[in-house]
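Chemist: Predicted model, plus sequence, below.
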Amino acid sequence: MVAVPMLSTYEPEEGAESRFVLHGVPWATYTTLRDSLDDTNVRMTYLRGTLEFMSSSQLHEESTKLIARLLETWADELDVDLRGFRSTTFRHEAKERGLEPDECYSLGPKEEDAAPHLAIEVVVGSPLVDKLDVYAGLGVREVWVWHPTIHRLDVHVLSGVAYESRTRSTLLPRLDLELVSTFVRPGESHTALAKAYRAALRG
C-alpha cells in the first residue's frame, strides 16, 4: 500500500505568506518536488517527513530585501568579508532537513554544499514547520528572525544542538542590531534608508 501524504492548511493573516503543509512525505518526494519547482518563488521547508510550502507576500520580500541591504551596507563600511547566498536550497538527507533561507551569508569562504554561517528569516503570520529545528540540524550558527508586524529582530545562536536567544550577534559582535532595526521601514525609499544608515554608521 502506498502512503498518501496528509494535507494541512491555514487561513493566512492579512499581509502574511500563503502556506500549506504535507505530512508523511518521503525524502525522495521532497527532493523531486524541490528540484522540479526550482525556478519558482515557492519555498519549501522539510523536517522529518513534514513539508511546508510557502509563497512570500510583498511585506515579507520587502522586509527581507531591506535587512539584506542594510547588513551589506554595514559590511561595506567595516570591510567585513560577508558573502551572500540568498535563497539557496540547503538540505541534508541523513538529518531529514531542508529549506531555503530568506537570506543567508558566510563570513569568508564557504565550502561547496556547506551550510551558511548566518540565516535571516522574515516571519509574517504563523509558520507551520519549526524552521529553527531545521536550521539546527543543518548546523547554521546563527538565525535572525525578523517580525515585521511588531518590528522586532530575534537573534538565535546555536549552542550544541539547539538555539539560545541572544541580544547581540556572536558572529558579528560589532553590529548594532537595534540601530539596524530602526531603518527596516517597508514602504519608504530603500536608497534613502541605506544612505541614512550609512550616515549613522559614519557619525
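Modeler: Alright, I've got the coordinates.
Chemist: what helix or strand does residue 158 sit in?
Modeler: Using DSSP states H and E, residue 158 sits within strand 152-159.
Chemist: quick one: strands adjacent to that strand?
Modeler: Strand pairing for strand 152-159, using DSSP bridges, gives strand 142-147 (antiparallel), strand 162-166 (antiparallel).
Chemist: The ones you listed: which one's closest to residue 51?
Modeler: strand 142-147 (19.8 Å; Cβ to Cβ). Any C-beta I mention is one placed from the backbone N, CA and C, and that applies to glycine too.
Chemist: picking that back up, go through the strand holding residue 158 and flag the buried ones.
Modeler: 153, 154, 155, 156, 158 (16 or more other Cβ atoms under 10 Å).
Chemist: Enumerate the beta-bridge partners assigned to the third one.
Modeler: Taking DSSP bridges, one finds residue 144, residue 166 as the beta-bridge partners of residue 155.
Chemist: What is the least confident helix or strand in this structure?
Modeler: Ranking every helix and strand in the chain by mean pLDDT, DSSP states H and E puts strand 6-9 at the bottom, with a mean of 53.
Chemist: quick one on the thing from earlier: got the buried residues of strand 152-159 as a markdown table, with pLDDT columns?
Modeler: Shown next, in a markdown table, are the buried residues of strand 152-159 (pLDDT from 0 to 100):
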| residue | pLDDT |
| --- | --- |
| 153 | 95 |
| 154 | 96 |
| 155 | 98 |
| 156 | 98 |
| 158 | 98 |
